[in-house]
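1. Based on what follows, work out the 3D shape:
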Amino acid sequence: MLLLNAHLSRLNKVLSIPCILLLRTLWSLHQKQAIRLQGNEASKVAHTALMNGEKRKREVASAVDLYSWTAKVINSFQSGHVEDARELFERMPQRDLVSWNSVITGYARNGRLEDARQVFNSMPERDVVSWNAMIAGYAQNGKLQEAGDLFDRMSERNTISWNTMITAYAKSKRMGDARAVFDKMPLRDMVSWNAMIAGYAQNGRLDNARQLFDQMPKRDVVSWNAMVTGYAQNGRIDDARLLFDEITDKNMVSWNTMISGYVHNRRMDDASDLFVKMPVRNVVSWTLMIAGYTQNGRLDNARALFYKMPRKNVVSWNAMIMGYTQEGKIDEARRLFDEMPERDVVSWNAMITGYSQTGRIGEACQLFDRMPYRDEVSWNAMIAGYAQNERMEDAYRLFDEMPERTVVSWNAMIAGCEHNAHCEEALTLFSQMLREGVKPDHSSFTSALSACAGVASLGEGKQIQQHIVKIGTVVDIPLANSLITMYSKCGIIDDARLVFNEMPEHDVISWNAIIAGNAQHGHAEEGLQFFKQMQQSGIKPNDVTFVAVLSACSHAGFVEEGWCCFDSMTRDYGIIPRAEHYTSMVDLLGRSGFLAKAEDFINRMPLKPDAAVWGALLGACRVHGNVDIAQRAADCLFELEPQNSGSYVLLSNIYAAAGRWDDVLKVRKMMKERGVKKQPGCSWIELKNKVYTFVVGDRLDPQMENIYATLERLLTQIKAAGYMSNTDFVLHDMEEEQKEHALFYHSEKLAVTFGLLNTSPGTPIRIIKNLRVCGDCHNAIRFISKIVGRNIIVRDTNRFHHFTDGFCSCGDYW
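-> Numbering: from 1, shown residues only. Below is the predicted model:
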C-alpha cells in the first residue's frame, strides 16, 4: 500500500494542474478526471488485494505498473520528447483509457494533430474524455472546423465538451458561434458563464458581456475579474473601477487586474494609489507597477520601487532593463544586466534589442554569441538589429543560419530590405515566403505593400491585395494605411481615396497618408479639404500632418494658406516646427517667386538650415533663373554635402540657362577635382510584373530601333500641334539643332514611347524617373498625351504628373 501511495503521489505531482478558463486547462480537467477514476479503481484493487491474498497483490502491482508507464509517457510529452513518448506507449504491457487519452493530449499539445487523430481513430474504445481531448486539441491549434465536426458527432457530451467549444470560438473571435453553443447547453456551470463573459469582453463587446454578467444566477470572483479586465482593456477604466469597488471578496487577481488596467490606460497615479491600498502584494503587483512606470518614462519611480521590492524575480529585473533600453539608457541597462543573480532569455533579448536600437550593433552581436540559449526572438532581434543598422549581408547570413524560421523571421527580413530601400529584394523574399508555405500576417503584408510603394510596383501591389482577400485577412487600420500609401505612390490616387473612404475608422496615419497622397498628385485643394475633415473628426494633427499640408500648399502655390498652417502648428497644437516644415515653407515661397523672402526666412530660422532647406531654395532659383541667390544656396550645399552631385548639376543648369558657359565649366572642374560623379538619369516602366529601365541615349533594348522610329514620328506630330523644344535644359554649349537632338533621347521620352508600343490603346502609362522630370520632357509629354489620347502618369522625386489631353495635374507648377 505504501508503494501504491508513493506512485500515486508522484503521479499526482505530474498531472495535477489548477483549473483556469484556457483550453489547456480543459485538457488538464480531462486528465484529472480520468486519473481520479483510475485512482479510485486502484484503491478498490488495493483493498480487495488485502482481503483476498496473493492473487490480488499481483493486480495491485499491475495497476501500479500501469500508473508508472502512463506517468513516463506524460512526462515525455510535456518535455517535448514526442517520439520517446510514443515509443514508451508502444512498449506498455497494458493500456487503459487514461493511457490512450494521455497520448492524444500529448500529441495535440505538441501540434501533432494528425498523429493525435490517428491514435483517436485506433482506440479500442472511447469515453467522453477521449472526445474532449481530441476536440480541445483541434481547438487549441486553430482547427475549429474539425473541432466542430467532432463535437457534432459526439453521442454523449458533458459540460467540459460544451465549454471547450465555447472557449475555442471565443478565442477565435467567433462570438456568434460561441453564443449559439452556450444557448444550446442543457446545463451550464460557472466556467460556461465566465468563458462567455471573458470572450465578449476580450472582443470588445462589453454590452453583451455586461448583459450576461447581470443575468448570471451566481457569480464568483473570476466573473467579476473578467468584467473588470474587459472594461480596462477597452478604455473604460472608470467603469472598471466602479465594478472593482463592488467586489466583496477581492483576491490578488482582482487587485492586480485593476492596477494593470490603470497601467494600460497610462494612469500611473491611480495605479500607485491602488498599489498602496493593497492589503497584500505579490511579485506580480510590484512588477506591474515597475513595468508601468518604465513604459511611461518614469524611470525614477520605477527604480525607487524596484529597490524597495522585498523579493525580486527575473521578470522585475527584465522590466527595469527594458525601461532603460526604451529610454536609450543602454549603459544603465547593461549595469543592471550584469548585476542580475539569474537571467532568462528575455534578459538577453532585451539587451540585444537595446544595443541594436542605439546603433551599437557590435555589442549586440557579442551578447548574441555569448547567449547560453537562444529562442526565436533572439534570432529575430539580431536580424532586425542588423537591418536597422544597414548591415543586410549579416542579416541574410543569420537568416540562413536560423534553425527554424517563422513568419516573424521572414517579416524581419522583408521589413529590413524595405527599410534599406532594397524594395525589389523585399518583394522577392515575400514571394519566397509564400512558396515555402509560410502564411503571411499583417506585418508581412504591410512591409510588402510598402516595398511596392517604394518601386511603384502597382501589379505586385494589386496581387498582394488579392492575396489578403483570398486568405481572409482582416484589413485593420495599419494595413489599410499601407494600401492607401501603395496606391498613392503607384499613381492611382482614386483607389487610395476608395480605400480611405471604406475604412470604418481612421487614425492620424490614415489622414496623413491621404493628405500627402493628394498633395503628391497635385490635388492640393482636395488635400486641404481632407485636412479640414480631419480636424472636424477630432483626430489631432501631428508634425507629419503639417509636413503633408505644407507640401500640398507648396505644390499648388497656396502661399497664404501655407503661412496660416505654419503659424497654426505652434499656436493651436503646440507643435514645434522641424527642419521638414521649414523646408516646405522655403519651397512654397521659392516656387511662388518670393526668393528673397525665402532666403530671409532661412536666415531667421531657429534651427541650423540643413541640406534639404538650401536644396529647396536652389531648386526654386532654377525655376525662376535667379543666379545670385542660387550661388549662395549652392555654396552652403557644397559645404554640407560636398559629394552630392545633384547640387552641382542644379547650379550648372542655372548657369547654362543663363548662358554663362564659363561658370558651367568651373562647376564641372570643381566636380572633377572633388571626385563628384553625376547620378545618371533613368526612367522605368512596369509591364506584366517586369520592369524595363531606360537611360538617356539608350540603345540596349531589343525594341530600340522601333522606339526611336516611333519617337521621331511623335516628335513630328507634336511639333505640328505647337510643341517647341526648350533647349535651356541642355547643359552643353552647342548649336540649337544639336541641343534639340540631345533632348530627343531623354529617358522619360524613351520610356513613354516603349509604353505606347507595348500596351493596348486607352491603357494608362505609368513612368518613374529617378530625378526631377526635365522641363522639356514635361512639355513634350503634355503634347503626346493629347496626340495619342492616353493618360500618362510620371512620378519623379518631387511629385506625380498626370498628363491628360494636353494638360498636367501640376498646372505646369512644379
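2. Quick check: Asp663 vs Gln631, distance?
-> According to Cβ to Cβ, to the nearest Å, Asp663 stands 9 Å off from Gln631. For the C-beta atoms, the positions are set from N, CA and C on the backbone; glycine is no exception.
3. show me the contacts for Ile654.
-> 621-622, 625, 627, 630 (Cβ atoms under 8 Å, 6 or more residues apart in numbering).
4. likewise Val586?
-> Val586 neighbours (Cβ under 8 Å, 6+ apart): 598, 601-602, 613, 616-617, 620.
5. do the same with Phe638
-> Phe638 neighbours (Cβ under 8 Å, 6+ apart): 647-648, 670.
6. Then Glu342?
-> Contacts of Glu342 (Cβ under 8 Å, 6+ apart): Val314.
7. Secondary structure of it: a helix, I assume?
-> No - the assignment for Glu342 (DSSP: H, G, I helix; E, B strand; the rest coil) gives coil, which keeps it out of a helix.
8. for it, phi and psi?
-> phi -150, psi 150 (degrees, to the nearest 10).
9. do you know how far it is from Met289?
-> From Glu342 to Met289 the distance is 22 Å (Cβ to Cβ).
10. Same check on Val276?
-> For Val276, the distance to Met289 - Cβ to Cβ - is 10 Å.
11. follow-up on the earlier one: which of the contacts of Ile654 sit farthest apart?
-> Arg622 and Val627 (10.2 Å; Cβ to Cβ).
12. Which of Val276 and Met289 has more residues huddled nearby?
-> Neighbour tally, Val276 and Met289, criterion other Cβ atoms under 10 Å: the higher count belongs to Met289, 28 against 8.
13. by contact count, what packs against the helix or strand hosting His467?
-> Per DSSP states H and E: His467 is located in helix 458-470. Under the contact definition 3 or more Cβ pairs under 8 Å, 6 or more residues apart in numbering; DSSP states H and E, helix 458-470 sits against helix 423-435, helix 442-455, helix 477-489.
14. mind listing what the residue nearest to Trp317 when sequence neighbours are not counted touches?
-> Excluding the flanking residues, the one nearest Trp317 by Cβ to Cβ, 6 or more residues apart in numbering is Met340, at 5.1 Å. Met340 is in contact with 314, 317, 347, counting by Cβ under 8 Å, 6+ apart.
15. Just the ones of those in helices?
-> 314, 317, 347 (DSSP state H).
16. from those residues, which is closest to His521?
-> Distances from His521 to those, taken by Cβ to Cβ, are shortest for Ser347, at 49.1 Å.
17. right, and the closest one touches Phe337 too?
-> Yes - look at Ser347 against Phe337 with Cβ atoms under 8 Å: they come within range, at 6.3 Å.
18. Residues in contact with both of these two, list them for me.
-> Ile321.
19. Once you drop chain neighbours, what's closest to the spatially most central residue of the chain?
-> In the chain, the residue lying closest to the centroid (Cα atoms, centre = their mean) is Ser443, at 3.7 Å. Excluding its sequence neighbours, the residue lying closest to Ser443 (Cβ to Cβ, 6+ apart) is Asn411, at 4.5 Å.
20. Flag the shaky bits of this protein, pLDDT-wise.
-> Counting by pLDDT under 70, the low-confidence segments of the chain come to 1-65, 697-701, 726-744, 812-814.
21. Of the contacts of Phe638, which belong to helices?
-> Those of those lying in helices (DSSP H): 647-648, 670.
22. out of these, which are buried?
-> 647-648 (16 or more other Cβ atoms under 10 Å).
23. any chance of the ones in helices among the contacts of Phe638 in TSV, plus distance to Thr473?
-> Formatted as TSV, the ones in helices among the contacts of Phe638 follow (distance: Cβ to Cβ, whole Å):
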residue	distance to Thr473
Ser647	45
Tyr648	48
Met670	54
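24. Can you tell me which of the ones in helices among the contacts of Phe638 is nearest Arg298?
-> Checking those one by one against Arg298 (Cβ to Cβ), the nearest turns out to be Ser647, at 45.6 Å.
25. now the closest one, nearest residue through space, not along the chain?
-> Closest to Ser647 by Cβ to Cβ, 6+ apart is Leu637, at 4.0 Å.
26. Please give me every residue in contact with the one you found.
-> 611, 614-615, 618, 644, 647 are the contacts of Leu637 under Cβ under 8 Å, 6+ apart.
27. Just want the angle from the helix holding His467 to helix 442-455.
-> Helix 458-470 runs at 160 degrees relative to helix 442-455, counting by axes from the mean of the first three to the mean of the last three Cα atoms, to 10 degrees.
28. And for Pro642, the neighbour number?
-> Using other Cβ under 10 Å: Pro642 sits among 13 other residues.
29. Would you confirm that it contacts Val676?
-> Yes - between Pro642 and Val676 there is a contact under Cβ under 8 Å: 7.5 Å.
30. which secondary structure element contains Phe306?
-> helix 299-308.
31. which other helices and strands contact that helix?
-> Looks like helix 299-308 contacts helix 283-295, helix 314-326 (3+ Cβ pairs under 8 Å, 6+ apart).
32. Which parts of the stretch 551-700 of the chain are helices?
-> Secondary structure of the stretch 551-700 of the chain (DSSP state H, counting those that start in this stretch): helices located at 559-573, 579-591, 595-603, 611-624, 627-640, 645-657, 661-674.
33. Now tabulate those in JSON lines and tack on distance to Met165.
-> JSON lines is the format used below for the helices of the stretch 551-700 of the chain (distance: least, Cβ to Cβ, whole Å):
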{"stretch": "helix 559-573", "distance to Met165": "50"}
{"stretch": "helix 579-591", "distance to Met165": "54"}
{"stretch": "helix 595-603", "distance to Met165": "67"}
{"stretch": "helix 611-624", "distance to Met165": "59"}
{"stretch": "helix 627-640", "distance to Met165": "66"}
{"stretch": "helix 645-657", "distance to Met165": "64"}
{"stretch": "helix 661-674", "distance to Met165": "73"}
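34. Buried deepest among those helices, which one?
-> Comparing the helices of the stretch 551-700 of the chain by mean neighbour count (mean count of other Cβ atoms under 10 Å), helix 579-591 ranks first with a mean of 24.
35. that older thread, what does the helix holding Phe306 rub up against?
-> Contacts of helix 299-308 (Cβ under 8 Å, 6+ apart): 268, 272, 286, 289-290, 293-294, 312, 316, 319-320, 323-324, 327, 329.
36. Check these and tell me the two furthest apart.
-> The farthest-apart pair in the contacts of helix 299-308, when distances are taken by Cβ to Cβ, is Ser272 and Lys329, at 22.3 Å.
37. more neighbours, these two?
-> The neighbour count for Ser272 versus Lys329, taken as other Cβ under 10 Å, is higher for Ser272 (18 against 15).
38. List the contacts of that one.
-> 289, 301.
39. Could you check which helix or strand contains Met413?
-> With DSSP H and E as the test, Met413 turns up in helix 407-419.
40. Extract the CA atoms of that helix and return them as CSV.
-> Output in CSV follows, covering the C-alpha atoms of helix 407-419 (Å, rounded to 0.1, in the frame of the first residue of the first chain):
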residue,chain,number,x,y,z
VAL,A,407,6.6,34.4,-40.1
VAL,A,408,8.3,36.8,-37.7
SER,A,409,11.7,35.9,-39.1
TRP,A,410,10.5,36.5,-42.6
ASN,A,411,8.9,39.8,-41.6
ALA,A,412,12.2,41.0,-40.0
MET,A,413,14.0,40.4,-43.3
ILE,A,414,11.3,41.8,-45.5
ALA,A,415,10.9,44.9,-43.3
GLY,A,416,14.7,45.2,-43.2
CYS,A,417,15.0,45.2,-47.0
GLU,A,418,12.2,47.7,-47.3
HIS,A,419,13.8,50.0,-44.6
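41. just so I have it, where are all the strands in this structure?
-> 682-687, 690-695, 765-769, 792-795, 800-804, 807-808 (DSSP state E).
42. Any chance of TSV for those strands, columns mean neighbour count?
-> Shown next, in TSV, are the strands of the chain (neighbours: other Cβ atoms under 10 Å):
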stretch	mean neighbour count
strand 682-687	20
strand 690-695	16
strand 765-769	25
strand 792-795	23
strand 800-804	23
strand 807-808	18
